[in-house]
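Visitor: Turn this into a structure:
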Amino acid sequence: MPDDEEYFPCYAREYDEGPVADVLGKGETVFNKMKKVQDSLGGSTYSPFEDRDEWELAQWLINNVNQRATDEFLKLQVTRSRIRPSYRSNYKFMKTIDQLPTSPEWKCELVHAHGDDEDIGNDRGGDEDHTVGGEEMELWVRDPVACITELIGNPAFHGDIAYAPEKVYTNCQGSTRQYDEMWTGDWWWEMQRRLPSGGTVAPVILASDKTELSRFKGDKNAWPVYLSIGNLAKEVRRQPSRHASMLVGYLPVSKLESFDDNSIGQHRLFHYCMRRMVQPLVDAGRKGVEMVCADGKIRKVFPILAAYIGDHPEQCLVACCAENRCPKCLVPAKERGLNTAFQPRDQMHTTRTLHAQAAGLYPPEFVAQGLRPIFSPFWADLPHADIFTVITSDILHQLHQGIFKDHFKKWCIVLVGKQNFDARFRAMPAFSGLRHFKEGISKVKQWTGADHKQVQRVFLAALVGAAPHPDVIKAGCNLLDFIYLAQYQSHTDRTLVALQQALDSFHVVKDIFIDLGCREHFNVPKIHSLWHYVETIRSLGSLDGLNMETSERLHIDFAKKAYSASNRRDYLVQMTRWLQCQEAIIWFSSYLTWRLGNIQPEPQPADDCDRSDESDVPPEHPDALLNCTTLARPTKSFPAGLTYRISQRPQFLRRTVQYLQQKHGAVHFVHALQDFLCSTQTDGRQSFQPNINDRFSCFSNVVIQLPPHEHCMANRNLSARIRSHPQRDNGPHKPPTPARFDTVLTLFDEELLQRGGFHAYVHWFKPLTHFDRSVGMFRATRSTQQHLPNASIIPIHRLVQPCHLIPRFPNVAINPHWTQGHAMTDANVFYLNKYIDFSIFDWYQNHF
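Guide: Numbering: from 1, shown residues only. Below you'll find the predicted structure:
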């Protein structure tokens, strides 16, 4: 990424152990073929539509209007007389849509299941035998190889796609590896060695997750399976608008009530359907398939399963093991709380054990390894794939909703008490992008991944002063360090060492929760799962490209919206038809963008390391803190990428000094302005003498543009907003908006001090010199002069970024005045919040 290399140079070693991704010739991409067809027919660029207006109308109708309303709209007199589309009914409209190229066709396969006293598959040696008689279900699939051909050959992805592995280093000596994209991990490099010379690896990423379709009532469910490829940059895969993931099937959802043990029947049904779905990948992975790639060149591509994304029950289902076991290693069921490495599962040995169990030999390994009687797993015939290394770590369910929400947060609430915890969250100072829990956190009933991240930003701050033992704080620090490090979008050997050290340190102090009586043991699958994070990152790259949050987001487009467009009866066939139309519109829209030459990079999405209105950029020298009370103007660029934006007109026009003192708290404004003017005069003369009768115009906020963050590379061009405004009246029916004076990090730089531009009135805190190791944060106190705030006026371009100061809460009950938004004015001692964003967190990691 050229924009990032200016700040964080890296050195790539290309694959040098033989030919890779050989070009076999030139071919026509699907867009070139579409253009050729249009040119041969003599139609317009928008053909089969007459012009752009008709195409945009069709796009709007497909995306927003159902078929009945479409038919009514097209038959309106005003539509026929004024708009005059070539399609005058919904029937003709859909015929026009059918002329558009679309994704691979859907196919419905019937699956029959029988329920009897015999184990399924024993009589013929395979799970496929349950397809004889009994309950009938629908399996909707499409060819995964055709889907891969579409993804790797989509010209819209040209420039965001890789065909060969590489090893990336942070220095020219090649001593420190960097892991981010899948092609920088060890898996691709090792896989390239196994393939024929000149072959191209297409790492297949599968994800499955059962989801509810009906709202408020009903029991309709769907089990979609998504597919993407690791050749695409993870930044592209994370954006649903880029359509880099495809739906390849709907698995049947059935209770299988005709079975004596319906859980075993459901497990076998899953593997049977998945085996039929991925069957085309077997030959393609062994022999390779010639595909036209996004750059118009033909390569021999070997699609190989590289990653399977799912929550813990889904992972155990895929691994054919019980849910009280690890799907990746052979940890005993009662030793999952140990901080110890165990022997990894072996696919060949597991397959032999399952076959022996099916043959009635009852090997002891079957019980010892916690296996389930699934005798024909879908992954057994997939070439070059090891399912137990393919299963990825899941940040959403293992960290946010697992370790943090289901365990650590509950333990701490038991120790501190709901009422005390809620009061601390109500008293938490505001920060841009930080959710304020006005009623605390104990009353929140439904939690999302985004909610967990918000709580994590201030959770340790709320715990300090209330925890009954220092080890509780240490455990919280280590666990939050692990969660934050695991979310890095780019890792190095150094960050992976820190990740493992955070886990080791948590295990050292975790027994405090047993001693305090809020936990009996740590034999929890999700605690053990943390052991596999480092190995997964080294193998497949950073985990933001393999996050279950992406799959959850895809449910909206591929399941919930599709179901809403159906009449709720025989909905799967209607869902596939609706998706086919949607994909046709998406394809044609991408083609028009390509043909008209308007391909532009998509805006960056908000994800694990992003903030809505502030930047995650590490401060260079955060030597001191300041409290902005008045932002007192042209957009200028300065060294180190420091650029700011400010509105053209001030929000507070011609305010008196008395107003600034009373409303903004600028008690030393005149004195600070005099000192500043004196310091900027080179000839010793001062042309302007401010006094209390002068008036000044002030701004309520300034936006600072900052360089990208080293470990969150998707944060390019994000901004940090610094706010400063008094209390605002919102009328008789709404409560007033509290006053807001942000705290920020600033630089001591004499050269910057002399530059012109806008300025800010600030109240200083003392330099950050006291690091509290019991909390893992810097302690901050106010700087005073003669018992009054130490005030100055400084150029805006000395502001680095906003920071979050959290008061040191007392051991006793919280003062009610603090919960009303006065904690920042009443407290005397603060901590620089380590977890408020990734830039501050990484600065702490680099220094301690």
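Visitor: Not counting sequence-adjacent ones, nearest residue to residue 519?
Guide: Taking C-beta to C-beta, 6 or more residues apart in numbering as the measure, residue 519 lies nearest to residue 513, with 4.1 Å between them; neighbours along the chain are not counted. All C-beta spots, glycine's among them, are computed from the backbone N, C-alpha and C.
Visitor: and the one you found, how far is that from residue 361?
Guide: Applying C-beta to C-beta, to the nearest Å, one obtains 44 Å for the distance of residue 513 from residue 361.
Visitor: Distance from whatever helix or strand the residue nearest to residue 519 lives in to the middle of the chain?
Guide: Using DSSP states H and E, residue 513 falls within helix 512-515. For helix 512-515, the distance from its own C-alpha centre to the chain's C-alpha centre is 33 Å (C-alpha atoms, centre = their mean, to the nearest Å).
Visitor: cool, and stretch 239-249?
Guide: The chain centroid and the centroid of stretch 239-249 are separated by 15 Å under C-alpha atoms, centre = their mean.
Visitor: for stretch 317-329, same thing?
Guide: On the basis of C-alpha atoms, centre = their mean, stretch 317-329 is displaced by 25 Å from the centre of the chain it belongs to.
Visitor: Look up how far residue 511 lies from the residue nearest to residue 509 when sequence neighbours are not counted.
Guide: By the measure of C-beta to C-beta, 6+ apart, the closest residue to residue 509 outside its immediate chain neighbours is residue 471, 4.3 Å from it. If you measure residue 471 against residue 511 using C-beta to C-beta, the figure is 8 Å.
Visitor: Residue 830 now?
Guide: 31 Å.
Visitor: isn't there a helix covering residue 248?
Guide: No. When the secondary structure is assigned by DSSP: H, G, I helix; E, B strand; the rest coil, residue 248 falls in strand instead of a helix.
Visitor: got a list of what the nearest residue to residue 211 once chain neighbours are set aside touches?
Guide: Distance criterion C-beta to C-beta, 6+ apart; nearest residue to residue 211, sequence neighbours excluded, is residue 555 at 4.7 Å. Contacts were defined as C-beta atoms under 8 Å, 6 or more residues apart in numbering; by that measure residue 555 touches 209, 211, 224.
Visitor: So what does the second one have for phi and psi?
Guide: With angles defined as degrees, to the nearest 10, residue 211 sits at phi -140, psi 150.
Visitor: Tell me which residues touch it, please.
Guide: Residues near residue 211 by C-beta under 8 Å, 6+ apart: 221, 222, 223, 224, 555, 559, 560.
Visitor: Among those, which ones are in strands?
Guide: With DSSP state E as the criterion, strands contain 221, 222, 223, 224 from among the contacts of residue 211.
Visitor: Would you check how far apart the closest residue to the second one other than its chain neighbours and residue 239 are?
Guide: Taking C-beta to C-beta, 6+ apart, and ignoring the residues beside it in sequence, residue 222 has residue 559 as its nearest neighbour in space, at 4.8 Å. Between residue 559 and residue 239 the computed distance is 19 Å (C-beta to C-beta).
Visitor: Between those two, which is the more surrounded one?
Guide: Neighbour count, other C-beta atoms under 10 Å: between residue 559 and residue 239, residue 559 has more, with 23 against 19.
Visitor: so what's that one scoring on pLDDT?
Guide: For residue 559, the pLDDT comes out at 93.
Visitor: pretty sure it contacts residue 209?
Guide: No. Residue 559 lies out of contact with residue 209 (C-beta atoms under 8 Å); the separation is 9.5 Å.
Visitor: shared neighbours, the two?
Guide: residue 224.
Visitor: which other helices and strands contact the longest strand anywhere in the chain?
Guide: Under DSSP E, the strand in the chain containing the largest number of residues is strand 297-309. For strand 297-309, the contact count by 3 or more C-beta pairs under 8 Å, 6 or more residues apart in numbering; DSSP states H and E identifies strand 25-26, helix 144-152, helix 186-194, strand 200-208, helix 262-287, strand 289-292, helix 387-390, helix 548-555 as packing neighbours.
Visitor: Can you say which of the ones you listed is packed in most?
Guide: Of all the helices and strands packed on strand 297-309, strand 200-208 carries the top mean neighbour count, a mean of 25, counting by mean count of other C-beta atoms under 10 Å.
Visitor: ok, and what's touching the helix or strand just after the helix holding residue 513?
Guide: Stepping forward along the backbone from helix 512-515, the first helix or strand reached (DSSP H and E) is helix 525-529. Around helix 525-529, the neighbours that count as contacts under C-beta under 8 Å, 6+ apart are 312, 323-326, 331, 336-338, 393-394, 397-398, 402-403, 406-407.
Visitor: Please pick the buried ones from those.
Guide: Members of the contacts of helix 525-529 that pass the buried threshold by neighbour count (16 or more other C-beta atoms under 10 Å) are listed as 312, 325-326, 331, 336-338, 393-394, 397-398, 402-403, 407.
Visitor: Of those, which is the nearest to residue 34?
Guide: Comparing these against residue 34 with C-beta to C-beta places residue 394 closest, at 38.7 Å.
Visitor: which ones are touching the closest one?
Guide: Under the criterion of C-beta under 8 Å, 6+ apart, the neighbours of residue 394 are 309, 310, 311, 312, 315, 529, 547, 548.
Visitor: how near is the last one to residue 235?
Guide: Residue 548 sits at a distance of 18 Å from residue 235 (criterion: C-beta to C-beta).
Visitor: Check residue 385 too.
Guide: Taking C-beta to C-beta as the measure, residue 385 falls 26 Å from residue 235.
Visitor: Residue 650 now?
Guide: Between residue 650 and residue 235 the computed distance is 38 Å (C-beta to C-beta).
Visitor: Name the residue in these two with the higher neighbour count.
Guide: Per other C-beta under 10 Å, whichever of residue 650 and residue 235 has more neighbours is residue 235, with 23 against 17.
Visitor: burial of residue 681, as a residue count?
Guide: With neighbours defined by other C-beta under 10 Å, the count for residue 681 comes to 12.
Visitor: So for it, what's the pLDDT?
Guide: What the model reports as pLDDT for residue 681 is 70.
Visitor: Distance of it relative to residue 670?
Guide: 17 Å.
Visitor: now residue 530
Guide: Applying C-beta to C-beta, the value for residue 530 to residue 670 is 57 Å.
Visitor: ok, these two, which is more surrounded?
Guide: More crowded of residue 530 and residue 670, by other C-beta under 10 Å: residue 530, with 24 against 18.
Visitor: Correct me if wrong: that one contacts residue 403.
Guide: Yes. Taking contacts as C-beta under 8 Å, residue 530 lies within contact range of residue 403: 7.2 Å.
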